[in-house]
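Novice: Generate coordinates for the sequence data below:
(one chain, ligands or ions: 1)
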Amino acid sequence: MRRTIEEMVGDVWIWVLITMVVAVIVGVGIDKKTKRGLKLPPGPPAWPVVGCLASLPAGHPPEVMFAKLAEKHGELMLLWLGSKPYVVASSARMAMEFLKRHDQEFANRPMSVVREYVSFKGNSIISMSASDPKYQRLRRTFVMELLSPKKIAATRDLRKDQVLKMLRAIREDLDAKHEANFTEAVLTLGMSLSIGLLFGRDYGGKVFSEEIQTLVLTFKTMVKYLSMINISDLIPSLRWLDLQGIERGLGLGEVQLRKSIMALIEQKRLDKIRLSSDEIESGACQRDILSKLLSLEGEDRLDDDQLMGVVFALMLAGSDSISRGVGRAMQELLKQPLLHQRALDELDEVVGRRRLVEESDISSLPLINNIIKETLRLHPPAQLLIPHGNVEQCEVAGYHIPARSTVLVNLYALSRDPSFWNSPLEFAPDRFVDSNLTVQGSDFHYIPFGYGRRGCPGLNLGGLDYCTV
Ligand code: HEM
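Specialist: This next block holds a predicted model:
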C-alpha cells in the first residue's frame, strides 16, 4: 500500500518523541547514578537529554565560550553537553593534572561521528586508542624515524622548493595582476608541505596533479565537517535521524577520500616494485612517509584503512597548523609596523637580500623566533588541543571525573592567564627575551604542541616550517 509523505513524516516524529522520552528516562537514570555520592567538578546545571546546552553563552568560538564559563565555575569544569560529559581544564595546574600526573588515564581519544569517518573507523594515529600496541609502535616510528630531527634535516630541500614555488607564484601574480592572494598562497604552501612530505617531492607544488587536486578538495570538505557541532554526538539516541545531514555528507566524502588516497597508495606500491636493487639499497623507497609506511613489515605492517587514516591525519596536522599560524603571524605584523620593520632589519642583517633564509640561519634570528613563539601563544592552531578521553572513572584534583568523558585543555585560557603573562592580550614577542619558556612544554601555561604521550610528534617540523615560511 502506498503511504503519503504526511504519513511518513508523522512516523518520523513519533520516533523522535519515543526516542526523546526514552532518552529522558535513561538520562535521569545516568544522571542520578553519576552524581550519587561523588564529588563532581563544578559546572552549569544540566537537564536530562540536553544537558546545559541552553545555558551556554552563545555566539563565541568554543574556546572563548569555555573561558567565559570558567570565570564563573573555575579552573576545572564539568559540562553536560547533551548527554555527554565534557571536562574542561582552564589553568596550567589543571593542564598538568591531566597531561602529566594522569597522562596515562587520559591518553585516549573520544570518538565522534565525524572522527569515525575521517579516521576510517578509528584507524588514524590521531584517534587510535593509546593502549593499542599498534598505536604505540606507529607513534614510536613517527617520533624516532619519520619526524626525527635527522629525517627532517634530510627533507630540507623539499621544504625550500615549496617555499620557492610559493614566492614565484606570488611574484607571477604581482607581475600579471599587480595583486596577490597571500592567504591562498600560504594555504597552498601548507598543503604542499604536507603532501610533499607524505608522497614525495614530485607531488607538491603550486599545481597539484589531478589525483591530488581531488584529494585536496575532498579533504577540505571533510575538514569543514570536523569544525561543526553535530547533534548526533551530543544526543547519540538521535543519530539515526542525522538531523543536520552531516553523516550523509561524511558518507559521500569518505567514499571519495578512500578512492583518492587508495589511488595514490597503489601508485606508490607500483613505484616500489619498479625500483632497482641499487635504488632500494640507497633508501629511495623510504624517502617519503608513505613509502616508509608501505615498507613496514610483520606486526608493524599497516592495513589499507590504517594507511589511509595516517595520510588524512598528517594532511590535517601538517597543513592546517602551518597555514593558519603563518597567516596569523602576518596579520599581527601588519598591525604593528614598527615590529614588522624590526623583523625585516633582523633578516637584512643576518641573511641579506641576495639569498633566501636557510634553516641554519634560524638560531641567529632571535626576534623572528620570538614572533613565532608569541603567535603560538595567542593563536595556537589547536586551541583546545585534540580532545583527550578516559575509559574508567577516576579522581583528579579531588574531583571524580566520569568514565568516557571528553577532556579539553583550554590553551586560550592558559595563554591569557594574567598570573603568568603581563598584558596577556597584547601581541608582544619581546616577552620571550631572557625567558626560558620553550614550545616543548616544560611550563604548563605554554603548551602549544600539547604535552605527554599524546603531545605533537611533529613539533620539530612544525617549528621549522613556521620559521622557513
Ligand atoms: C606549528 C605546527 C604544529 C602545532 C602547533 C601542532 C600542535 C599539535 C597539538 C596541540 C596536538 C594535540 C596534542 C594533544 O592532544 O595533547 C598535535 C597532535 C598531533 N600532531 Fe601536531 N602540530 C603542529 C604540526 C604538526 C606537523 C607538521 C605534524 C606532522 C607532519 C604533526 C603531527 C601531529 C600528529 C600525528 C598528532 C597526533 C598525535 C597523537 O594523537 O598521538 N603536527 N599537534
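Novice: next one: phi and psi at Cys394?
Specialist: The phi and psi values for Cys394, taken as degrees, to the nearest 10, are phi -150, psi 180.
Novice: Next: the one 5 residues further on.
Specialist: Per-residue torsions, Tyr399: phi -110, psi 150 (degrees, to the nearest 10).
Novice: what's around it, how many residues?
Specialist: The number of residues packed near Tyr399 is 16, by other CB atoms under 10 Å. Backbone N, C-alpha and C define where each C-beta goes, glycine included.
Novice: In contact with it, which residues are there?
Specialist: 39-41, 76, 78 (CB atoms under 8 Å, 6 or more residues apart in numbering).
Novice: among those residues, which are in strands?
Specialist: Among these, the ones falling in strands (DSSP state E) are 76, 78.
Novice: The ligand: which of the contacts of Tyr399 is nearest?
Specialist: Closest approach between the contacts of Tyr399 and the ligand, by CB to the nearest ligand atom: Leu76, at 17.1 Å.
Novice: was I right about that closest one contacting Ala95?
Specialist: No: the pair Leu76 / Ala95 is not scored as a contact, 10.4 Å apart, by CB atoms under 8 Å.
Novice: and for the two, which residues touch both?
Specialist: Listed as contacting both Leu76 and Ala95 by CB under 8 Å, 6+ apart are Ala89.
Novice: Determine whether any part of the helix or strand where Gln213 lies lies close to the ligand.
Specialist: Element membership of Gln213, judged by DSSP states H and E, is helix 210-226. No: against the ligand, helix 210-226 shows no contacts by CB under 6 Å from any ligand atom, the least distance being 13.8 Å.
Novice: quick one: average pLDDT of the helix or strand following that helix?
Specialist: Later in the chain than helix 210-226, the nearest helix or strand by DSSP H and E is helix 231-234. Throughout helix 231-234, pLDDT has a mean value of 94.
Novice: got the residues of the stretch 101-250 of the chain near the ligand?
Specialist: Contact residues, the stretch 101-250 of the chain versus the ligand (CB under 6 Å from any ligand atom): 125-126, 139, 147.
Novice: Name only those of those that count as buried.
Specialist: 125-126, 139, 147 (16 or more other CB atoms under 10 Å).
Novice: Okay, and which of these map to helices?
Specialist: Residues of those located in helices (DSSP state H): Arg139.
Novice: Can you give the distance from stretch 256-269 to the centre of its chain?
Specialist: 23 Å (CA atoms, centre = their mean, to the nearest Å).
Novice: same question, stretch 324-340
Specialist: Worked out by CA atoms, centre = their mean, stretch 324-340 lies 22 Å from the chain centre.
Novice: before we move on, what about stretch 423-431?
Specialist: Distance, centroid of stretch 423-431 to centroid of chain: 25 Å (CA atoms, centre = their mean).
Novice: likewise stretch 359-378?
Specialist: So, by CA atoms, centre = their mean, the centroid of stretch 359-378 is 21 Å from its chain's centroid.
Novice: residues of it that come out buried?
Specialist: Here stretch 359-378 shows 361-362, 365, 367-378 as buried, counting by 16+ other CB under 10 Å.
Novice: from the residues you listed, which is closest to the ligand?
Specialist: Among the buried residues of stretch 359-378, and counting by CB to the nearest ligand atom, the member closest to the ligand is Leu376, at 5.9 Å.
Novice: hang on, the earlier thing: now do the helix holding Gln213, average pLDDT.
Specialist: Rounded mean pLDDT across helix 210-226 is 87.
Novice: buried residues in it?
Specialist: 211-212, 214-216, 218-219, 222-223, 225.
Novice: out of those, which one sits closest to Glu184?
Specialist: Val216 (12.7 Å; CB to CB).
Novice: Quick check: that closest one touching Ser192?
Specialist: No: using CB under 8 Å as the test, Val216 is too far from Ser192 to be in contact (9.6 Å).
Novice: could you redo the contacts of Tyr399 as JSON lines and give each row pLDDT and neighbour count?
Specialist: What follows is those, written out as JSON lines (pLDDT from 0 to 100; neighbours: other CB atoms under 10 Å):
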{"residue": "Lys39", "pLDDT": "94", "neighbour count": "10"}
{"residue": "Leu40", "pLDDT": "97", "neighbour count": "15"}
{"residue": "Pro41", "pLDDT": "98", "neighbour count": "24"}
{"residue": "Leu76", "pLDDT": "98", "neighbour count": "23"}
{"residue": "Leu78", "pLDDT": "98", "neighbour count": "22"}
